[in-house]
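K.L.:
Sequence first, predicted coordinates after that:
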Amino acid sequence: MSKVSSLAEALSIVKDGTHLALTGFAITRSAVAAAAELIRGGRRGLTLTQVVGGLETDLLVGSGCVDRLIYSGGSLDRFGPLHSVNRAISAGLAAEEYSTLSLTLRLLAGSLGLPFLPTRSLIGSQLLERLIPSGGAAMITDPFSGSPVLAVSAVRPDVAIVHADVCDEQGNASVSGPLWSIKETAMASARVIVTAERVVPLGGIDPDRVTVPGTVVAGVAEVPGGARPTAVYGAYDYDAALLTEYVAASREGGETFARFVAARFLAEAVA
Amino acid sequence: MAGHPWTPGEMMAVAAASRLRDDDVAMVGLGLPQIAALLAQRTTAPGIQLLLELGVFMPRPVEPAMGIADPRMWKDAWSFGGVLDALGAMLHGGRVTLGILGALQVDPSGSLNTTLVRGDDGSVRRFNGSGGGNDIASLAGRVFVVMRHDPRKFRPAVEFLTSPGRILNGRPRGEAGLPGGGTAAVITDRAIIEISDTGAVLASVHPGETPEAVLASTPMPLIVPAGGPGETPEPTGAQRALLREELDPKGWYLG
């Protein structure tokens, strides 16, 4: 049976309070259409794990959908910072901040069913000082050499969203260009939703080109332009004008931001 | 530095690029670090290998990019992988000899703050955080910090320790379990400050600067070598032309 449905149907497994994982990176491959649909649907109380935050992170946090954020920082590259995220953290949003590698290792541990993975990153930082009480990291002793090493705990989100170039009707999804932590995030999550520029019949994608195997994918929605105004490698560039407007509106926050998001991201329901 | 033909950004990029080695494997952050690495690649260190944390090996961009997540920056790369390839097997695996990072604040041990600054009224202003910055500072063979010489950026101790320098709690960082060498130099638009295990050293001042003026603008302990600091070579016309015409024609990073 095909896993293809409308975006709203595919996202129906994301409930209030779901631990959601996203896979965009700053201004590239952000699941913007999916984030807009979640905002439209009024989702609340999400825990959001994302290795590097970007536009969709800022949209969801700025729209009040997120109660807890697990990330390693983020930005809109030179367009500007994640104003909504930074403001929410200053106002008390629960945020756990890792580094790119250490959070990817938490997801890798989750994907492998391991309790933790060791790393030599983060040691001696104030990031780590704050993470130890959260249960995300602990200094341990290497049982072989006796030297100190950091353990980062496994994280297993409920649902991951991946925006792919092309996906077949069983969820075999192909992502081109650099892959940052897309695979680890998808494989760590209990279920995966793929939004894709294009959906093809099963067999329509060379197995060599499959990034996320359909066996872990719960739902597929065809959403051409689903990452706009961020870029998708080989498909489209970022929309510099809209990102610039976004930074200005998110810097203002409040009603200005809400009106801007409603007008530019929520007005046009995606099929 | 009125009266000089170069901008502070150009001076900083050239001073940083001159310290990169032909056999370096370098992981670079967004902004001026990118520009400095690309300048070295096009001039004195053609063999340098560049990596981006999101899994880009040897990008050779021909247009200025908005950052490491701008696909322009990935142009003509040798290969694509993921974070586990770039920050994992390459950096954590000990193959990255050099990291080039920006920072909000630095201290005499080369510890970096990229997370937040506090206002005089106690308010907190948050910035981009770590991304791969902490990983690079923790794990790279050595680290160069490239940043503007703003007195507010030099601190006896950083306001938030995002990424560790050479000394932690008064002890060499290796004792805490950190493998990389830590910050080797802070390169600004006015001077080059070398970071050693015994403190920060004013290694050279840029043309037109005096050691006294630089010291007055650097409110953290700074050692002046016997015989005084050297003078950084000035940017050549060829370096400036390459920066201006090809690497940053819109002046996004060079000012």
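P.N.:
Thanks, I have it. Residues are numbered from 1 along each chain as shown, chains lettered A, B, ... in the order given.
K.L.:
Can you report how many residues neighbour the residue lying closest to A:Gly226 once chain neighbours are set aside?
P.N.:
Spatial nearest neighbour of A:Gly226, chain neighbours left out: A:Ala33 (3.9 Å); criterion: CB to CB, 6 or more residues apart in numbering or on different chains. From N, CA and C alone the C-beta is placed, and that goes for glycine too. Using other CB atoms under 10 Å in any protein chain shown, the number of residues around A:Ala33 comes to 24.
K.L.:
Quick check: the gap between A:Ala33 and B:Ala13.
P.N.:
39 Å (CB to CB, to the nearest Å).
K.L.:
show me the contacts for the residue nearest to A:Gly226.
P.N.:
Counting by CB atoms under 8 Å, 6 or more residues apart in numbering or on different chains, A:Ala33 makes contact with A:Leu7, A:Thr195, A:Val223, A:Gly225, A:Gly226, A:Ala227, A:Arg228, A:Val270.
K.L.:
Which strands or helices does the helix or strand harbouring B:Leu39 pack on?
P.N.:
Assessed by DSSP states H and E, B:Leu39 sits inside helix B:32-42. When contacts are defined as 3 or more CB pairs under 8 Å, 6 or more residues apart in numbering or on different chains; DSSP states H and E, helix B:32-42 packs onto helix B:8-17, strand B:25-28, strand B:49-52, strand B:98-101, strand B:142-146, helix B:237-242.
K.L.:
So what touches the last one?
P.N.:
Think helix B:237-242. By CB under 8 Å, 6+ apart, the list of residues contacting helix B:237-242 reads B:Pro5, B:Trp6, B:Glu10, B:Val14, B:Ala17, B:Leu39, B:Arg42, B:Thr43.
K.L.:
among the contacts of A:Ala33, which are in strands?
P.N.:
A:Thr195 (DSSP state E).
K.L.:
Just the buried ones from the contacts of A:Ala33?
P.N.:
Buried by 16 or more other CB atoms under 10 Å in any protein chain shown: A:Leu7, A:Thr195, A:Val223, A:Gly226, A:Ala227, A:Arg228, A:Val270, out of these.
K.L.:
Next up, identify which helix or strand A:Met139 is on.
P.N.:
Element membership of A:Met139, judged by DSSP H and E, is strand A:137-141.
K.L.:
what stretches of the chain score poorly on pLDDT?
P.N.:
Because you didn't say which chain, this covers chain A. Residues of chain A that meet the criterion pLDDT under 70 lie in A:268-271.
K.L.:
could you do chain B instead?
P.N.:
Applying pLDDT under 70 to chain B flags residues B:1-2.
K.L.:
List the backbone torsions phi and psi for the residue in the stretch 51-200 of chain B that chain A sits nearest to.
P.N.:
Going by CB to the nearest CB, chain A is nearest to B:Gly129 of the stretch 51-200 of chain B, at 2.2 Å. Note on B:Gly129: its backbone torsions stand at phi 80, psi -150 [degrees, to the nearest 10].
K.L.:
cool, and the one 4 residues further on?
P.N.:
Per-residue torsions, B:Gly133: phi -60, psi -50 (degrees, to the nearest 10).
K.L.:
could you list every residue that touches it?
P.N.:
Residues near B:Gly133 by CB under 8 Å, 6+ apart: A:Ser99, B:Gly29, B:Leu101, B:Leu112, B:Thr114, B:Thr162, B:Ser163.
K.L.:
quick revisit: could you pull out the buried residues of the strand holding A:Met139?
P.N.:
In strand A:137-141, counting by 16+ other CB under 10 Å, buried: A:Ala137.
K.L.:
Who does it pair with, and is each partner parallel or antiparallel?
P.N.:
strand A:148-153 (antiparallel) (DSSP bridges).
K.L.:
Write out the residues of the stretch 101-250 of chain B neighbouring chain A.
P.N.:
B:114-115, B:124-135, B:138-139, B:160-164, B:168, B:173, B:176-179 (CB under 8 Å from any CB of the partner chain).
K.L.:
run the last query once more with 7 Å
P.N.:
B:124, B:126-132, B:134-135, B:138-139, B:160-164, B:168, B:173, B:176-179 (CB under 7 Å from any CB of the partner chain).
K.L.:
buried subset of those?
P.N.:
The neighbour-count test (16+ other CB under 10 Å) marks B:126-132, B:134-135, B:138-139, B:160-164, B:168, B:173, B:176-178 as buried among those.
K.L.:
Among the residues you listed, name the ones in strands.
P.N.:
Among these, the members falling in strands (DSSP E) are B:Arg126, B:Leu168.
K.L.:
Next, count neighbours for residue 215.
P.N.:
Since you didn't name a chain, this refers to chain A. Neighbourhood size, A:Thr215 [other CB under 10 Å]: 9.
K.L.:
that's the wrong chain, I wanted chain B
P.N.:
Neighbours of B:Leu215 under the rule other CB under 10 Å: 15.
K.L.:
gap between it and B:Gly165?
P.N.:
B:Leu215 sits 20 Å away from B:Gly165, taking CB to CB as the criterion.
K.L.:
what do you get for A:Asp77?
P.N.:
From A:Asp77 to B:Gly165 the distance is 26 Å (CB to CB).
K.L.:
again, but for A:Ala235
P.N.:
41 Å.
K.L.:
Is A:Ala160 within a helix or a strand, and which one?
P.N.:
Using DSSP H and E, A:Ala160 falls in strand A:159-168.
K.L.:
What is the helix or strand following that strand packed up against?
P.N.:
Taking DSSP H and E as the definition, the helix or strand that follows strand A:159-168 towards the C-terminus is strand A:173-174. Applying 3 or more CB pairs under 7 Å, 6 or more residues apart in numbering or on different chains; DSSP states H and E, we find strand A:173-174 packed against strand A:159-168.
K.L.:
Which residues are in contact with residue 166?
P.N.:
No chain in the question, so chain A it is. A:Ser174, A:Ala196, A:Glu197, A:Arg198, A:Val200, A:Ile205 (CB atoms under 7 Å, 6 or more residues apart in numbering or on different chains).
K.L.:
not what I meant, chain B
P.N.:
B:Ser109, B:Gly110, B:Pro172, B:Arg173, B:Gly182, B:Thr183, B:Ile195, B:Asp197.
K.L.:
Which of the residues you listed fall in strands?
P.N.:
Per DSSP E, strands hold the following members of these: B:Pro172, B:Thr183, B:Ile195.
K.L.:
just the buried members of those residues?
P.N.:
Here, 16+ other CB under 10 Å leaves B:Thr183, B:Ile195 buried among the ones in strands among the contacts of B:Arg166.
K.L.:
of the ones in strands among the contacts of B:Arg166, closest to B:Thr97?
P.N.:
Distances from B:Thr97 to those, taken as CB to CB, are shortest for B:Thr183 (14.2 Å).
K.L.:
Can you show me the strands along the stretch 1-150 of chain A?
P.N.:
For the stretch 1-150 of chain A, strands defined by DSSP state E, counting those that start in this stretch occupy the ranges A:19-22, A:46-49, A:66-71, A:94-97, A:116-119, A:137-141, A:148-153.
K.L.:
Just put the ones you listed in CSV and tack on distance to A:Gly254.
P.N.:
Below are those laid out as CSV (distance: least, CB to CB, whole Å):
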stretch, distance to A:Gly254
strand A:19-22, 24
strand A:46-49, 21
strand A:66-71, 17
strand A:94-97, 20
strand A:116-119, 40
strand A:137-141, 35
strand A:148-153, 36
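K.L.:
What would stretch A:67-75 look like as CSV? C-alpha coordinates only.
P.N.:
C-alpha atoms of stretch A:67-75 as CSV (Å, rounded to 0.1, in the frame of the first residue of the first chain):
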residue,chain,number,x,y,z
ASP,A,67,8.2,23.8,24.8
ARG,A,68,11.7,22.2,24.7
LEU,A,69,14.5,22.6,22.3
ILE,A,70,17.5,20.3,21.9
TYR,A,71,20.0,21.7,19.4
SER,A,72,23.5,22.9,18.8
GLY,A,73,22.8,26.5,18.0
GLY,A,74,21.9,27.7,14.6
SER,A,75,21.4,30.8,12.4
